[in-house]
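Novice: next come a sequence and a model predicted from it.
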Amino acid sequence: MERRPTFILIGDDDTNQAELIRIAFERGKLPGFFKICSDGLQVIRFLEQADDGKVAAPDLFLLDLNMPLMNGFQVLSWIRAHQKHKTKPVFILSSSTEEQDKKRAHELGCNDYFEKPATLAGLQNVLSNLFTTVGTPI
C-alpha cells in the first residue's frame with residue numbers, strides 16, 4: 001500500500017538546512033512535500049491561511065528555535081494554543097545543545113527535540129527517528 005505524502009512545514013531561516021532535509025527525504029524514499037518558512041511570523045501567517053481553508057494544513061512541523069521575528073518557542077506556543085493544530089506533531093530541529101532549551105521546548109509541548117547534525121547521513125538518521133516516533137518510518 002502506498003503511503004500518502006506527508007506535508008511537512010519547516011520553520012528555519014537556514015535555507016541550506018531546509019534543502020538538506022529535502023534531500024534526506026528523497027534518499028529515504030519517504031513521500032513528502034514541504035512548505036519552508038524562513039521566519040516564525042511566516043509560519044503563523046501560513047497556518048492562519050490554512051485555518052481559513054486557503055491552503056492545505058501541514059501534517060507535522062519541524063521548527064528551528066533561532067528564527068527571526070518569532071522564535072521557535074513562540075511558534076510552538078502558538079501551535080499548541082490553536083485547536084486546528086495543537087495535536088499535530090511538532091519537532092524541534094535546532095543547533096542548540098542547551099539543556100534549558102530542550103526542557104523548555106518539551107514543557108511547551110514539542111513531541112521531540114533533535115540537535116541539527118553536521119552531515120546528510122546524520123540528518124537522515126534524525127528524520128528516521130522522527131518518523132518512527134510518529135509511526136511513519138522511513
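Specialist: Cool, got the structure.

Novice: residues contacting the residue nearest in space to the middle of the chain?
Specialist: When CA atoms, centre = their mean is applied to the chain, the residue found nearest the centroid is Leu62 (0.8 Å). Residues near Leu62 by CB atoms under 8 Å, 6 or more residues apart in numbering: Ile8, Leu9, Ile10, Gly11, Asp12, Ile21, Phe91, Leu93, Leu130. For every residue, glycine as well, the C-beta is placed using N, CA and C.

Novice: equivalent analysis for Gln49, please.
Specialist: Residues counted as contacts of Gln49 (CB under 8 Å, 6+ apart) are Val55.

Novice: cool, and Lys35?
Specialist: Lys35 touches Phe7, Ile8, Leu9, Ile10, Phe46, Pro58, counting by CB under 8 Å, 6+ apart.

Novice: for Arg80, helix, strand, or coil?
Specialist: Using DSSP: H, G, I helix; E, B strand; the rest coil, the three-state assignment for Arg80 comes out as helix.
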